[in-house]
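# Take a look and give me a structure for this.
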Amino acid sequence: MKIDIIIAYMQRYRVGHEIDFVPPITGIHLAAITPACYETRVFHQQVERIDFDTDADLVAISFFSGFAPEAYRLADAFRRRGKTVVAGGPHVTYCEVEALEHFDAVITGEAELAWSQLLLDVENGNLRNVYRGSPSDMRSLPTPRYDLLKSRYFIPKVIQATRGCPFSCSFCSVPTLNPGFRMRPIADLIENIRYDRFPFWWQRKVVWFWDDNLTINRPFIKQLLTEMIPLKKWWLTQASLDIAKDPELLALMKKSGCIGIFFGIESFGTDSLADANKRQNKVSNYKKAVDALHQHGIGVMAGFIAGFDHDTPETIESMADQLMEIGVDVPFLSILTPFKGTPLYDQLSAEGRILEDRGWEFYNGYNVAFQPARMDASELLMAHRRLWRRSFSPKNVLLRVFRSLRYLRLGAFFMAASMNLFYGWKQLSGNLPVDASVWEKKKGIRRMLIKT
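Residues are numbered from 1 along each chain as shown. Alright, predicted model coming up:
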């Protein structure tokens, strides 16, 4: 049996990406857990065209809510061609009835234990509509199928070392999608990290840990980093601000080659952090935490969210100056999005603040799908765009690049400079995040699905 695995995508900028920094791990992980008796291909729609004339017997599509309209368009097109089409991912986990209007079957939750059964049922002609995955114990997971990736990824070596997160941020579905906190055996991870069959030196050098919070279990992460030291890699991941208070961990991060950490800072407003149920973040500690990483030559990427109930257009735009003041090397700027499966969705739905006339294409982190508390939806959208333009203005981009020369080690500087220049080029060329309403004018290109 031949299987095509597709990671669906819709443009989030006015011009699509022909290159991306890092691939999603989903497709190459699903291919890795597929029995070797099957012939498997992986397509990432963001960087490559989808083959509708495929000879695959089964097409599997994974997507999150913001890309649901495109995933449904793909599924409908494949089914018209007589293909069996199945789906998985966060969106179908929370919207399985809707998804089954377009797919022959769906896998909800984690796929490891359900995928092999689905494949057997396809072969035997006994495909069920719904397969419910359960949390994997993360043991004996194979190395992702990097060999199936195209060479257009700047950092193709993505690895998931842990799954889950102990925090319960209001806007995050991880606690219900990946319950608990689980770790892979360190020996398995070291084997994955050693994988080096890539054409370019930086692709062999850099490892991106695709984790929600890699450093939560201190004994685990310290052992992993100790064993990584002889490998002489550069690595990046996501973690919590509390790592800045652990000198031993910071020293190990430096010795093992850490070049970048992503922090979910989210907001400079104490009330907004309370809205997000992110009380572990203390605004007064932001600069201290950033400085602590800089003292070890580690770059700081940080996420900021616009649209909490205590935000105003003025406080959103002012974040551009505040993130410069605390020394963030690469900012990531999004709009609060009420994904299903989150406390935020439940709250806004109960308050009647979900904008029911807006389809799933508004749920991509760059558009507004709800009624904000202190402004209207269009004001929030425009405030975010002004924040984006100010943050990636030529002045701020160059300041961040030249400032990082003073304290970042080579790999960290390379990472920070390339990301800043990439987003700075977008800002200069007018390639801003796209307003999802434009798809409403292109119904022949993207089938719009109004949220139900």
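
# C-alpha from now on. contacts and neighbour counts both.
OK.

# List the contacts of the closest residue to residue 203 other than its chain neighbours.
Leaving aside its sequence neighbours, residue 203 sits nearest to residue 155 (CA to CA, 6 or more residues apart in numbering; 5.5 Å). Applying CA atoms under 8 Å, 6 or more residues apart in numbering, we find residue 155 in contact with 21-23, 202-203, 206-208.

# hmm, which helix or strand of this protein has the shakiest average pLDDT?
Ranked by mean pLDDT, DSSP states H and E, the weakest helix or strand in the chain is helix 270-275, scoring a mean of 80.

# And the strand or helix carrying residue 303, what's buried?
Assigned by DSSP states H and E, residue 303 falls within strand 299-306. Neighbour counts over strand 299-306 (16 or more other CA atoms under 10 Å) mark 299-306 as buried.

# One more: stretch 211-223?
211-216, 220-222.

# angle of the longest helix along the chain against strand 299-306?
When the chain is parsed with DSSP state H, its longest helix is helix 410-428. Between the axes of helix 410-428 and strand 299-306, defined by axes from the mean of the first three to the mean of the last three CA atoms, to 10 degrees, the angle is 40 degrees.

# CA atoms only for helix 410-428, dumped as PDB, please.
The C-alpha trace of helix 410-428 is given here as PDB (Å, rounded to 0.1, in the frame of the first residue of the first chain):
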ATOM      1  CA  LEU A 410      28.500  32.400  16.800                       C
ATOM      2  CA  GLY A 411      25.600  30.000  16.300                       C
ATOM      3  CA  ALA A 412      23.200  32.200  18.300                       C
ATOM      4  CA  PHE A 413      24.200  35.300  16.400                       C
ATOM      5  CA  PHE A 414      23.700  33.400  13.100                       C
ATOM      6  CA  MET A 415      20.200  32.300  14.200                       C
ATOM      7  CA  ALA A 416      19.200  35.800  15.500                       C
ATOM      8  CA  ALA A 417      20.600  37.700  12.600                       C
ATOM      9  CA  SER A 418      19.000  35.400   9.900                       C
ATOM     10  CA  MET A 419      15.600  35.500  11.600                       C
ATOM     11  CA  ASN A 420      15.600  39.300  12.000                       C
ATOM     12  CA  LEU A 421      16.800  39.900   8.500                       C
ATOM     13  CA  PHE A 422      14.100  37.500   7.200                       C
ATOM     14  CA  TYR A 423      11.300  39.300   9.000                       C
ATOM     15  CA  GLY A 424      12.800  42.700   8.300                       C
ATOM     16  CA  TRP A 425      12.800  41.900   4.600                       C
ATOM     17  CA  LYS A 426       9.100  40.900   4.900                       C
ATOM     18  CA  GLN A 427       8.300  44.300   6.500                       C
ATOM     19  CA  LEU A 428      10.200  46.300   3.900                       C
END
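
# So which residues make contact with that helix?
When contacts are defined by CA under 8 Å, 6+ apart, helix 410-428 is touched by residues 234, 258-260, 297-299, 329-330, 389, 392-394, 397, 400-401, 404-405, 432.

# those strands in the protein, which residues are they?
Residue ranges of the strands in the chain, as given by DSSP state E, are 2-7, 39-44, 58-62, 84-88, 105-108, 130-132, 158-159, 162-163, 182-183, 206-209, 234-239, 258-266, 299-306, 330-335.

# can I get those in CSV with distance to residue 99 and mean pLDDT?
Formatted as CSV, these follow (distance: least, CA to CA, whole Å; pLDDT from 0 to 100):
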stretch, distance to residue 99, mean pLDDT
strand 2-7, 15, 98
strand 39-44, 20, 96
strand 58-62, 11, 98
strand 84-88, 8, 98
strand 105-108, 8, 98
strand 130-132, 10, 97
strand 158-159, 28, 97
strand 162-163, 25, 96
strand 182-183, 29, 96
strand 206-209, 30, 97
strand 234-239, 30, 97
strand 258-266, 30, 93
strand 299-306, 28, 95
strand 330-335, 25, 96
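
# Of all those strands, which one is nearest residue 175?
strand 162-163 (9.9 Å; CA to CA).

# Run through who's touching the closest one.
138, 178, 180-184, 211-214.

# And those residues, which is closest to residue 353?
Taking CA to CA as the measure, residue 353 sits nearest to residue 178 out of the contacts of strand 162-163, at 26.9 Å.

# Give the closest residue to that closest one in space, chain neighbours not counted.
Closest to residue 178 by CA to CA, 6+ apart is residue 164, at 5.1 Å.

# From residue 308, how far off is the one you found?
24 Å (CA to CA, to the nearest Å).

# which of the residues in the least confident helix or strand of the chain are buried?
Those buried within helix 270-275 under the rule 16+ other CA under 10 Å are 270, 272-275.

# Also stretch 249-256?
249-250, 252-256.

# coming back round to it: of all the contacts of strand 162-163, which comes closest to residue 285?
residue 213 (18.9 Å).

# need the contact list for the closest one.
162, 164-165, 237-240.

# quick check, nearest of these to residue 132?
Nearest member of the contacts of residue 213 to residue 132, counting by CA to CA, is residue 164, at 18.0 Å.

# wouldn't the closest one be in contact with residue 212 here?
Yes. Residue 164 lies in contact with residue 212 (CA atoms under 8 Å); the separation is 6.4 Å.

# Distance from stretch 172-181 to the middle of the chain?
14 Å (CA atoms, centre = their mean, to the nearest Å).

# An error on my part: the question was meant for stretch 147-157.
With CA atoms, centre = their mean, you get 16 Å for stretch 147-157.

# what's the average pLDDT for it?
Mean per-residue pLDDT for stretch 147-157: 87.

# buried residues in it?
Here stretch 147-157 shows 149, 153, 155-157 as buried, counting by 16+ other CA under 10 Å.

# shaky segments in the protein?
Scanning the chain for pLDDT under 70 picks out the ranges 16-19, 151, 279-282, 439-452.

# can we see that at 90?
11-22, 46-48, 140, 150-154, 165-169, 172, 175-176, 264-285, 426-452 (pLDDT under 90).

# So it: which segments form each domain?
For the chain, the structural domains run 2-132, 160-428, going by automatic domain parsing.

# Quick one: the contacts of residue 213 as CSV, columns for neighbour count and distance to residue 356 too.
Output for those, formatted as CSV (neighbours: other CA atoms under 10 Å; distance: CA to CA, whole Å):
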residue, neighbour count, distance to residue 356
162, 23, 36
164, 21, 30
165, 20, 30
237, 23, 35
238, 21, 33
239, 18, 34
240, 19, 34
